[in-house]
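> Predicted model and sequence below, questions to follow.
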Amino acid sequence: MGKIYLSPPDMTEVERQLLLGAFDANWVAPVGPDLTAFECEFAKRQGIGNAVGLSSGTAGLHLALLLSGVKAGDLVVVPTFTFAASANAVRYCGAEPIFVDSEPDTWNADPDLVAEALERASSSGRRVGAVMTVDLYGQCADHGPIREACDQHGVPLIEDAAEAVGSTWEGRAAGSFGDIGVFSFNGNKVMTTGGGGMLVSDDAEVVERARHLATQAREPTLHYEHRDLGFNYRLSNPLAAIGRGQVQRLSSMLARRAEIRAAYEDALAPLPGVGFNPIDARGVPNHWLTVLVLGDDAAVDSAGLIATLDAVDAEARPAWKPMHLQPLYADATVLGGSVSADAFARGVCLPSGSSMSDLDLQRVIGAATDALSK
Ligand SMILES: *Cc1c(COP(=O)(O)O)cnc(C)c1O
């Protein structure tokens, strides 16, 4: 009976063969045919014009902010309910995040608060360098009204789609809503390269700029010539080879995550005080993580449920702790905050990996049912 992780890598013979192919061809380098192919295949699968493979999603967010013209002293609007990397990338640029709370129906950035943040900044004379949205737990944010607010203020939109590979909203793919979109292939995401990311945009020039900055900003000369401050942010070829296999298998991995979500709902939703992370009918999420939400009448609290699952060797964790509650961002401005704070207090992320067997799924459901029925 092995440990059940929250969202472990889902690897098969497909990925193994591609990785060995890269190794045997000696393309164990930061460039190579698998990287180029991965970028093309990923862009095609996502229905986005251009993509550049990077060493992480965080690197992608940093580049996205720089390419959007974010400068030191700027403000950047960021949802408070996210992983720290979204906000940290803003600080890498010397800019400051201004946090907005979630809307209850999606847990994503409340469009009214995004508009309010932009109004406030402009009336106080502060420059807003960008608005960043996050497609939390794999559900796309409601980008229509957010885009409107951005256009009204002439502010670029960056979509942190790190958790949302394969998700859609009103038929449109995650990552395509921002001027720039960013994905993560960290080991715990829906698809992984063991660490990596992708920056995407329909603007080919922006992606070429990203590629340049990510490759130490070397000018196309024989000697080493540099005009821009570059970074070593590229994905390496053997990792891209794994990514090619993950793209091939993405549809089946998504189907499994949806099955797992449905199984949790079927088994646990009838129990007192049990709800789940809200899903809006306008989108089709990738169900990266199923988050159980404990109401006041639930038989156990978040810490109790996590301890019960730990006792059967299943990993569960609280929902993201909002940025406005983090010591690191204690000084930052936040608009609202109670929706995400409540979700943090009540939310428990359940094991949701696409490689989880039915037997393991039953082990989690069994333990959770016991804890929630008492
Ligand atoms: C995982 C994640 C990131 C960071 O991606 P890495 O590839 O781990 O650097 C950024 N934002 C969100 C919302 C994430 O979940």
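Perfect, I can see it now. This one's a predicted model, so the numbers in the text were calculated from it and none came from an experiment.
> ok now stretch 146-158, how far from the chain's centre?
In terms of C-alpha atoms, centre = their mean, to the nearest Å, the centre of stretch 146-158 is found 21 Å from the chain centre.
> In it, which residues are buried?
Buried residues in stretch 146-158, counted by 16 or more other C-beta atoms under 10 Å: 146-147, 149-150, 153, 155-158. Glycine gets a C-beta too; all of them are placed from N, C-alpha and C.
> of the residues you listed, closest to V28?
Taking C-beta to C-beta as the measure, I158 is the one of the buried residues of stretch 146-158 closest to V28, at 32.3 Å.
> near the ligand at all, the helix or strand encompassing that closest one?
Secondary structure here is read from DSSP states H and E; on that basis I158 sits in strand 157-160. Yes - for strand 157-160, a contact with the ligand is found by C-beta under 6 Å from any ligand atom, at D160.
> Could you pull up the mean pLDDT of the next helix-or-strand element following that strand?
Using DSSP H and E, the helix or strand that follows strand 157-160 towards the C-terminus is strand 168-169. For strand 168-169, mean pLDDT rounds to 98.
> Strand 168-169: how far from the chain's middle?
14 Å.
> What pairs with it, parallel or antiparallel?
For strand 168-169, the paired strands and their directions (DSSP bridges) are strand 172-173 (antiparallel), strand 283-284 (antiparallel).
> Turn those into TSV, columns for mean pLDDT, mean neighbour count and distance to C140.
Listed next are those as TSV, based on pLDDT from 0 to 100; neighbours: other C-beta atoms under 10 Å; distance: least, C-beta to C-beta, whole Å:
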stretch	mean pLDDT	mean neighbour count	distance to C140
strand 172-173	97	17	8
strand 283-284	98	21	5
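> export the ones you listed to JSON lines and tack on distance to the ligand?
Rendered in JSON lines, the data for the strands paired with strand 168-169 read as follows (distance: least, C-beta to the nearest ligand atom, whole Å):
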{"stretch": "strand 172-173", "distance to the ligand": "17"}
{"stretch": "strand 283-284", "distance to the ligand": "16"}
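> Tell me how the chain divides into domains.
The chain resolves into domains spanning 13-248, 250-372 when parsed by automatic domain parsing.
> which of these is buried the deepest?
Ranked by mean neighbour count, those are led by domain 13-248 with a mean of 21 (mean count of other C-beta atoms under 10 Å).
> Near the ligand, which residues of the chain are found?
56-58, 82-83, 85-86, 134, 160, 162-163, 184, 186, 197.
> So which other helices or strands are in contact with the helix or strand I98 falls within?
In this assignment (DSSP H and E), I98 forms part of strand 96-100. Using 3 or more C-beta pairs under 8 Å, 6 or more residues apart in numbering; DSSP states H and E as the contact criterion, the neighbours of strand 96-100 among helices and strands are strand 75-79, helix 84-92, helix 111-123, strand 333-335.
> By proximity to the ligand, which residue of the stretch 1-150 of the chain wins?
Of all residues in the stretch 1-150 of the chain, G57 sits closest to the ligand, with a separation of 2.7 Å (C-beta to the nearest ligand atom).
> And that residue, how close does it get to R127?
Taking C-beta to C-beta, to the nearest Å as the measure, G57 and R127 are separated by 26 Å.
> L75 too?
If you measure L75 against R127 using C-beta to C-beta, the figure is 7 Å.
> Can you work out which residues contact both of these two?
A121 (C-beta atoms under 8 Å, 6 or more residues apart in numbering).
> Tell me the secondary structure at G353.
coil (DSSP: H, G, I helix; E, B strand; the rest coil).
> Dihedrals phi and psi, it?
Geometry field for G353 lists phi and psi as phi -60, psi 140, criterion degrees, to the nearest 10.
> show me the contacts for it.
The neighbourhood of G353, defined by C-beta under 8 Å, 6+ apart, consists of 5-8, 10.
> please redo it, this time with the cut-off set to 10 Å
Taking C-beta atoms under 10 Å, 6 or more residues apart in numbering as the definition of contact, the neighbours of G353 are 4-10, 188, 190, 253, 256-257, 260, 288-289, 315, 360.
> Filter these down to the ones in helices?
By the criterion of DSSP state H, membership of those in helices covers 253, 256-257, 260, 360.
> Please produce CSV containing those residues, extended by pLDDT.
Shown next, in CSV, are these (pLDDT from 0 to 100):
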residue, pLDDT
M253, 98
R256, 98
R257, 98
I260, 98
D360, 98
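> A240 sits in which helix or strand?
Under the criterion DSSP H and E, the helix or strand holding A240 is helix 237-268.
> Report all helices and strands that that helix contacts.
When contacts are defined as 3 or more C-beta pairs under 10 Å, 6 or more residues apart in numbering; DSSP states H and E, helix 237-268 packs onto helix 13-24, helix 33-46, strand 50-54, strand 274-276, strand 290-294, strand 347-350, helix 358-373.
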